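**Student:** Could you work out the structure for the sequence below:
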Amino acid sequence: MSSAAPAAGPRRWAVVGNGENRRVGLFTAAALAAGLPAPRVVEWRDVLRDGGHDFAADEVVRLDSPGENAEVDRLLRGVDEPTRVEGSATWYARFLTAVGSLRGGVRLDDPTELAVLFDKRRCHARLAAAGVPVPPSPTSGGAWPVRGWEDVRAAMREHRMPRVFVKPAHGSSGSGILAVEAGAGRLHATTPVEVAPGGRLHNSLRVRRLTDERTVAGIVDALAPDGLHVERWLPKAALAGRSADLRVLVVAGRATHAVVRTSRFPLTNLHLGGVRGDLAAAKAAAGDRWAAALEICERAAACFPGTLCVGVDLLPATGWRRFAVGEVNAFGDLLPGLLGLPGGGAEELDTYAAQLAAVRSGWPPRPRRDRAPH
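**Tutor:** Model (predicted):
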C-alpha cells in the first residue's frame, strides 16, 4: 500500500453516508486525487425510508457514520433532540436492520462484524478471547447484566475496582460515558453528560465533575435499559503532563496511521477538549515497545477480518511499557491531514487514500457473501 498503487481498480464506488458529512467529502476528494471516479453517495435517510438499497454486483460499497445528521439520528434513535444520550439500544437495532437491508455490491464493512463493533460488551469479549490485552471487565460478553447503579456499585465492590469507566454499550464519541472513582466514603464521576430539567440526559462538549452519588446513580439508572459496559479504569501514561492515549488506524491489517490524544481529563476525545499530542514524543517514550504497541492494534483489527479499516483506541499504561485496547471503532478514520506512519505502507497517504490504495491493491482478497447481522 503506497502512493504508487496501481492505476487499475474498481470503476464503480458507492458511499452510504450523509452527503454533507465531512467524511464523505474527504473520501470523495481522495478518490478524485487517485484518478478514480467520484463515489455515488447513497443517503442513510433514503435507506431508512425506503427499507434498503440495491447495489450493482461490481460496485465497491463503503459505509460511513450515520450519526451526524439530525434527521438520520431521529430515524435511528427515536428521539427528536439530537443531543440526547438515551436511545442507543434503539439506534443499534435500527442501524443493524439498515445495514442488513443493503443488497449486492462488494462491501468494505462486514455486517456481522459491525454488530460486534457497535456492542462494547461483545467487542471486549472477542478481543479477550483472541488474547488481545483489554481492561478487565465484569460485563464482557454480557456476563454481568447492569440494571442500574446498584449493579455498578456491586461490580466495583466484588471485582475490587475502585475506578471504572461506565460506557453505553452501543455508544460512540464519548456519548454517555462516566469515569467513576469511589473510595474513603467519597465518589467522583467525570462525564460529558448534562442532566436537563425533567431528568433528560444530553451530550455536552463540556466535561464536568460530579460528586453527588444520587446524580451519578440517576444517570446510570436512566442509561441502563439501553445496555452498559463497565471496565477497570487503567492508569494512563502521561505526555507533557497530560493523560495520553492513541488512536491507531489499521487498514487491511496494517497499522498505517496514529495520533496521540492528550487531555487533563480521563476522557481524551478530541471534541471533548482533548488535543493532538506529539507522536514523536510518544514513540520515544515507548522506545522498543512501540512496535509491540502497533502489533497489538493489528491483532485487534484481525478480530474483524471482513472490515477494511478500524480505529483502535490504544491505552498506554504508566511508563509506556504496557498497552491495552480500550475500543475498536468501525468509523475511526476521521483524522484530517494525518499522513501514514513510517514503515506502515501508507507514508504519503491520508487515511482515506490509504483505504483506496488497499482496495486497488486487491482487498478484499476474495469475494464474500453478504451475511445478515445477528
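
**Student:** Let me see the ranges of the helices in this structure.
**Tutor:** 22-33, 44-50, 70-77, 88-100, 111-117, 120-129, 149-158, 213-223, 279-286, 290-302, 351-360 (DSSP state H).

**Student:** Find the one among the ones you listed with the highest mean neighbour count.
**Tutor:** Among the helices of the chain, helix 351-360 has the highest mean neighbour count (mean count of other C-beta atoms under 10 Å), at a mean of 25. C-betas here are computed from N, CA, C, even on glycine.

**Student:** quick one: that one to chain centroid distance?
**Tutor:** Here helix 351-360 is found 19 Å from its chain centre; the criterion is C-alpha atoms, centre = their mean, to the nearest Å.

**Student:** list the helices and strands that helix packs on?
**Tutor:** Using 3 or more C-beta pairs under 8 Å, 6 or more residues apart in numbering; DSSP states H and E, the elements in contact with helix 351-360 are helix 22-33, strand 242-251, strand 254-263, strand 309-316.

**Student:** what's the average pLDDT for it?
**Tutor:** Average pLDDT, helix 351-360: 95.

**Student:** and the direction of that helix versus that of strand 309-316, what angle?
**Tutor:** Using axes from the mean of the first three to the mean of the last three C-alpha atoms, to 10 degrees, the direction of helix 351-360 lies 120 degrees away from that of strand 309-316.

**Student:** out of the helices and strands packed on helix 351-360, nearest to residue 134?
**Tutor:** Among these, the nearest to residue 134 by C-beta to C-beta is strand 309-316 (9.1 Å).

**Student:** And the closest one, what does it pack against?
**Tutor:** Looks like strand 309-316 contacts strand 242-251, helix 279-286, helix 290-302, strand 323-329, helix 351-360 (3+ C-beta pairs under 8 Å, 6+ apart).

**Student:** ok, now which ones touch residue 128?
**Tutor:** 134, 140 (C-beta atoms under 8 Å, 6 or more residues apart in numbering).

**Student:** Reformat the helices and strands packed on strand 309-316 as a markdown table; add distance to residue 63.
**Tutor:** Putting those into a markdown table (distance: least, C-beta to C-beta, whole Å) gives the following:
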| stretch | distance to residue 63 |
| --- | --- |
| strand 242-251 | 15 |
| helix 279-286 | 28 |
| helix 290-302 | 16 |
| strand 323-329 | 13 |
| helix 351-360 | 12 |
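
**Student:** Residue 187: which of these is closest?
**Tutor:** strand 242-251 (20.1 Å).

**Student:** Just checking: what are the partner strands of the closest one?
**Tutor:** Sheet pairing here is set by DSSP bridges, and for strand 242-251 it gives strand 238-239 (antiparallel), strand 254-263 (antiparallel), strand 309-316 (antiparallel).

**Student:** beta partners of residue 232?
**Tutor:** Here residue 232, judged by DSSP bridges, has bridge partners residue 164.

**Student:** now it: how far from residue 139?
**Tutor:** 11 Å (C-beta to C-beta, to the nearest Å).

**Student:** Comparing the two, which residue is more hemmed in?
**Tutor:** residue 139 (24 against 18; other C-beta atoms under 10 Å).

**Student:** I'd assumed residue 155 was in contact with that one.
**Tutor:** Yes. Between residue 139 and residue 155 a contact is recorded at 7.4 Å, counting by C-beta atoms under 8 Å.

**Student:** residue closest to the middle of this protein?
**Tutor:** By C-alpha atoms, centre = their mean, the chain has its centre lying nearest to residue 329, at 2.5 Å.

**Student:** any idea of the pLDDT on that residue?
**Tutor:** Reported pLDDT for residue 329: 96.

**Student:** distance of it from residue 319?
**Tutor:** Residue 329 is 26 Å from residue 319, by C-beta to C-beta.
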